[in-house]
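In: kindly generate the corresponding structure for this input.
(4 chains)
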2 protein chains.
Amino acid sequence: MMIHIATIKEVAKYANVSVATVSRVINKKGYVQKETQTKVEEAIKALNYRPNNVARSLFKKQSKMIGYIVPDITNPFFPQLVRAVEDVTVAQGYTTFLCNSDDNLEKELMYLNKMAENYIDGVIIVSNHMNENHLANLQIPVVALDRVFHESIPSVTIDNYREAKRAVMHLVENGCEKIAHISGPENIINSQLRKKAYQDVMMALDRPMYISEGHYQMKTAQEATFRLLHEHKDIDAIFTGNDVMAVGALKACTKLGIKVPNELQIIGFDGIEWTETVSPEITTIAQPIYEMGKKAATMLLNRINGNEEGQDHIVFPTELKMRETTKH
Amino acid sequence: MMIHIATIKEVAKYANVSVATVSRVINKKGYVQKETQTKVEEAIKALNYRPNNVARSLFKKQSKMIGYIVPDITNPFFPQLVRAVEDVTVAQGYTTFLCNSDDNLEKELMYLNKMAENYIDGVIIVSNHMNENHLANLQIPVVALDRVFHESIPSVTIDNYREAKRAVMHLVENGCEKIAHISGPENIINSQLRKKAYQDVMMALDRPMYISEGHYQMKTAQEATFRLLHEHKDIDAIFTGNDVMAVGALKACTKLGIKVPNELQIIGFDGIEWTETVSPEITTIAQPIYEMGKKAATMLLNRINGNEEGQDHIVFPTELKMRETTKH
DNA sequence: CTGAAATATGTAACCCGTTACATACATTTC
DNA sequence: GAAATGTATGTAACGGGTTACATATTTCAG
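Out: The predicted model follows:
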């Protein structure tokens, strides 16, 4: 039994009016007499009519869809961001298009192209590689999230450098002497900034530096911690470039029988849920992840609707969540 | 500087051919002379032409987009599933539409409608509420993932009842006497099946039952564990309805100073990454999450292409990951 | 009472591709 | 050498909406 999907023409015929009138009723736009409106509404109901968004998009050159490019949805930092964006946009009648770029410029551009081909109304991007040129011939409003990639593109971020300094200072204030850092990938701006913050604080205080690369991953960070602690037994604190790596560092300590926070303190960065699943719970610099997603979505929607916002680069404050891996 | 997006007509004019010829070149379909093809390709390059997918969809009634409805992307079980689906579909030129339903039938139907309006080619759904009728007038291939919701809808799942029994039996075999269960929400089929498995095993072995509801959440499961252990101090094992709750149970034990696995053993269900982030690492029944997503995507693509698959209800095997919260 | 403004509805062009069909020439077949 | 087949390209209808413009009727101010 093939079900037929009604078109506006059929509705018009059924209601004995023209397609223009049906369109006016659907969009509540232009003059329509009360009775006519009722007739049309009845026809719509009778034929179970739903306007076809593809046809609509073709004419209007907009789709009521927004795109969302993240490096990798399995990274626990992103689902909340995605969720926030969706919550905001759905409320305004938009649907969301999700794409995983693997931090790969080619994929990002491929997706951007696909989006353009589909008259996507706007895009939220988390990227390190994108620049103005890539977006210039796109003609679509864009908001950068989590990472600024060009000053001309509005963004929602935190001050990674400043907040990372705060994390390190928290360890210093807690009396730590030998503070190590497990850094994230070289090619990710935020991880560079966080590392630089660590280095600058150590430099300023004339302290030794112990840095090992943890690739933003738990397992790798665990190994990095083993290495670090093996070479420098007197390390008494670790600042990791993100929370995932803090979990790895904590695991390493647990395996080595090092008491956290008594013998060694740990502070992470991001504020993902993982920090609360482990014992002891991890002290971290928490980004207002959901709020940031919401803000980015709101900014994007404003731009789509032509209400340019004054503020182009929103920098959110973070919260130092003092938990169980640091003394306070 | 307003950038103009070239249409097929402009390409045709530039190359001095008709739109039909351009279309033939783009789609590599029908006869085109070598020289003409080159001319057209040059025109495409010169005008930076990209075919408009909206117009194409309108005519072909298909969009090269597939939809994906999950209860909540922030539940750590889903990102991997989503990722797997995307990996498969993108390789075939499809893009993914992500929707969070909050396990709410109305939202699910709303999204399904949106998808139909956009000529989405197929949908993968994780749902408890959907039934045949909801999908009947949709005319879109559907594959159910993680949960079967109707026998007429192809599905990719595991045997929740059998595997949950296996989990409980693992505790029994490890010598546990008083086994408790922290259950998931009543309205989720899988959580009911897992609970029933626990009850049936206990019944068969004539053991006492201790059940507390944990809502699939860490915090709630932690409280449920406190309650359970407060009332029954001799409980020596807990089977939780999912891994998130296993983490909650473990936290409760840690806080109460109960040694895991020596005084109390814990086994979870699902195989999410959380089980490896905590110490001790949690023993669990691991679903091949990524593989399941991949399979579901492949099945869907086959259906979209008209290659009905013989097998309609794929049931994947699981793996009992023996880790540190049970003795073996 | 007349002309302007507001209300109500229809016709047809348009958005941008795809493809059925028509046309024309080249090649093959018997 | 005529008919059949293959190659190459163009014309125009079509998909399902939106909207500019035309037309007709009603309302209202002066």
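In: show me where chain A has its helices.
Out: Counting by DSSP state H, chain A has these helices, from start to end: A:8-15, A:19-27, A:34-47, A:53-60, A:78-91, A:105-117, A:132-136, A:160-173, A:189-204, A:218-231, A:243-256, A:274-277, A:289-304.
In: check contacts around A:Phe316.
Out: For A:Phe316, the contacting residues are A:156-158, A:287-288, A:291-292, A:295, by Cβ atoms under 8 Å, 6 or more residues apart in numbering or on different chains. Just so you know, the C-beta spots here come from the backbone N, C-alpha and C atoms, and that holds for glycine as well.
In: quick check on those: which are buried?
Out: In the contacts of A:Phe316, burial by neighbour count holds for A:156-158, A:287-288, A:292, A:295, counting by 16 or more other Cβ atoms under 10 Å in any protein chain shown.
In: any chance of those residues in TSV, plus pLDDT?
Out: Below are these laid out as TSV (pLDDT from 0 to 100):
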residue	pLDDT
A:Val156	97
A:Thr157	97
A:Ile158	98
A:Gln287	98
A:Pro288	98
A:Met292	98
A:Lys295	96
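In: ok, so of those residues, who is nearest DNA strand C?
Out: Using Cβ to the nearest atom of the strand, A:Val156 is the member of these that lies nearest DNA strand C, at 31.7 Å.
In: and that closest one, how far from A:Leu81?
Out: Counting by Cβ to Cβ, to the nearest Å, the gap from A:Val156 to A:Leu81 is 10 Å.
In: what sits in contact with each of those two?
Out: Between them, A:Val156 and A:Leu81 share these contacting residues under Cβ under 8 Å, 6+ apart: A:145-146, A:292.
In: please work out which of the helices of chain A is packed deepest.
Out: For the helices of chain A, the stretch with the most neighbours on average is helix A:243-256, a mean of 25; neighbours defined as mean count of other Cβ atoms under 10 Å in any protein chain shown.
In: contacts for that one next, please.
Out: Among residues not part of helix A:243-256, those counted as contacts by Cβ under 8 Å, 6+ apart are A:75-77, A:182, A:184, A:214, A:216-226, A:229, A:238, A:240, A:259-260, A:264, A:266-272, A:274-275, A:278, A:280, A:282, A:284, A:325, B:277, B:279.
In: between helix A:189-204 and it, find me the angle.
Out: With axes from the mean of the first three to the mean of the last three Cα atoms, to 10 degrees as the basis, helix A:243-256 and helix A:189-204 are set at 60 degrees to each other.
In: what angle sits between helix A:243-256 and helix A:218-231?
Out: Angle of helix A:243-256 versus helix A:218-231, following the same axes, to 10 degrees, is 50 degrees.
In: ok, the contacts of A:Phe316 vs B:Ala12, which is closest?
Out: Set against B:Ala12, the nearest of those by Cβ to Cβ is A:Val156 (43.0 Å).
In: which residues touch the residue nearest the centre of chain A?
Out: For chain A, the residue lying nearest the average C-alpha position, counting by Cα atoms, centre = their mean, turns out to be A:Leu81 (4.2 Å). Listed by Cβ under 8 Å, 6+ apart, the contact set of A:Leu81 reads A:70, A:126, A:145-146, A:289-290, A:292-293.
In: please convert the shared contacts of A:Val156 and A:Leu81 to JSON lines, extending it with distance to chain B.
Out: Output for the shared contacts of A:Val156 and A:Leu81, formatted as JSON lines (distance: Cβ to the nearest Cβ, whole Å):
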{"residue": "A:Leu145", "distance to chain B": "16"}
{"residue": "A:Asp146", "distance to chain B": "16"}
{"residue": "A:Met292", "distance to chain B": "14"}
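In: hang on, the earlier thing: redo the contacts of A:Phe316 as JSON lines? Include distance to DNA strand C.
Out: Formatted as JSON lines, the entries for the contacts of A:Phe316 read as follows, by distance: Cβ to the nearest atom of the strand, whole Å:
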{"residue": "A:Val156", "distance to DNA strand C": "32"}
{"residue": "A:Thr157", "distance to DNA strand C": "35"}
{"residue": "A:Ile158", "distance to DNA strand C": "40"}
{"residue": "A:Gln287", "distance to DNA strand C": "41"}
{"residue": "A:Pro288", "distance to DNA strand C": "40"}
{"residue": "A:Glu291", "distance to DNA strand C": "38"}
{"residue": "A:Met292", "distance to DNA strand C": "35"}
{"residue": "A:Lys295", "distance to DNA strand C": "33"}
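In: ok, so of these, who is nearest A:Met115?
Out: Within the contacts of A:Phe316, the smallest distance to A:Met115 is 19.4 Å, found for A:Val156 (Cβ to Cβ).
In: and the nearest residue to A:Asp312 once chain neighbours are set aside, its phi and psi?
Out: Nearest non-adjacent residue to A:Asp312, counting by Cβ to Cβ, 6 or more residues apart in numbering or on different chains: A:Pro154, 4.5 Å away. When read as degrees, to the nearest 10, the backbone of A:Pro154 gives phi -60, psi 150.
In: packing partners for the lowest-mean-pLDDT helix or strand in chain A?
Out: Across the helices and strands of chain A, the lowest-confidence element by mean pLDDT, DSSP states H and E is helix A:132-136, at a mean of 80. Where contact means 3 or more Cβ pairs under 8 Å, 6 or more residues apart in numbering or on different chains; DSSP states H and E, helix A:132-136 is packed against helix A:105-117.
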